[in-house]
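In: Sequence first, then the predicted structure, then my questions.
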Amino acid sequence: MTDAKTWMCLICGWIYDETLGAPDDGIPVGTLWADVPMNWTCPECGARKEDFEMVQI
């Protein structure tokens, strides 16, 4: 996966990395942001998916 992206929660700053997923929160490693369910929430603050923004790290 060479075009993996990272997404940051605008509320708390938690980072979702597509290469890492969020296995502890039900999102398998390698899951693209587009494939993360709409009802998923930030594991740190509970923000909704729409409260994330793509960032370059």
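Out: Yep, that arrived. Quick caveat: nothing in here was measured; it's all calculated off a predicted structure.
In: Would you mind listing the residues in contact with Val36?
Out: 16, 27, 49 (C-beta atoms under 8 Å, 6 or more residues apart in numbering). Just so you know, the C-beta spots here come from the backbone N, C-alpha and C atoms, and that holds for glycine as well.
In: hmm, I was thinking of Glu44
Out: 9, 12, 14.
In: Skip the chain neighbours and tell me the closest residue to the second one.
Out: Distances taken as C-beta to C-beta, 6 or more residues apart in numbering put Cys45 closest to Cys12, at 4.1 Å, once the chain neighbours are dropped.
In: what does the last one give?
Out: Beyond its immediate neighbours in the sequence, the residue positioned closest to Trp14 (C-beta to C-beta, 6+ apart) is Glu44, lying 4.2 Å away.
In: so where does that neighbour fall, helix or strand?
Out: Applying DSSP states H and E as the criterion places Glu44 outside every helix and strand.
In: Regarding the most centrally placed residue in the chain, what is its secondary structure?
Out: Centrality entry for the chain: nearest residue to the mean C-alpha point is Tyr16, 3.2 Å, by C-alpha atoms, centre = their mean. Of the three states, Tyr16 takes strand under DSSP: H, G, I helix; E, B strand; the rest coil.
In: Kindly report the same for Thr31.
Out: Taking three-state DSSP as the rule, one finds Thr31 in the coil state.
In: what about it, neighbour count?
Out: Neighbours of Thr31 under the rule other C-beta atoms under 10 Å: 19.
In: Please report how far it lies from Pro43.
Out: Going from Thr31 to Pro43 by C-beta to C-beta, to the nearest Å gives 14 Å.
In: Next, show the common contact partners of these two.
Out: Counting by C-beta under 8 Å, 6+ apart, the common neighbours of Thr31 and Pro43 are Ala22.
In: And Leu10, what's its pLDDT?
Out: You'll see Leu10 listed with a pLDDT of 98.
In: from what I can see Pro28 touches Glu18, true?
Out: No. If you go by C-beta atoms under 8 Å, Pro28 and Glu18 don't touch, sitting 10.8 Å apart.
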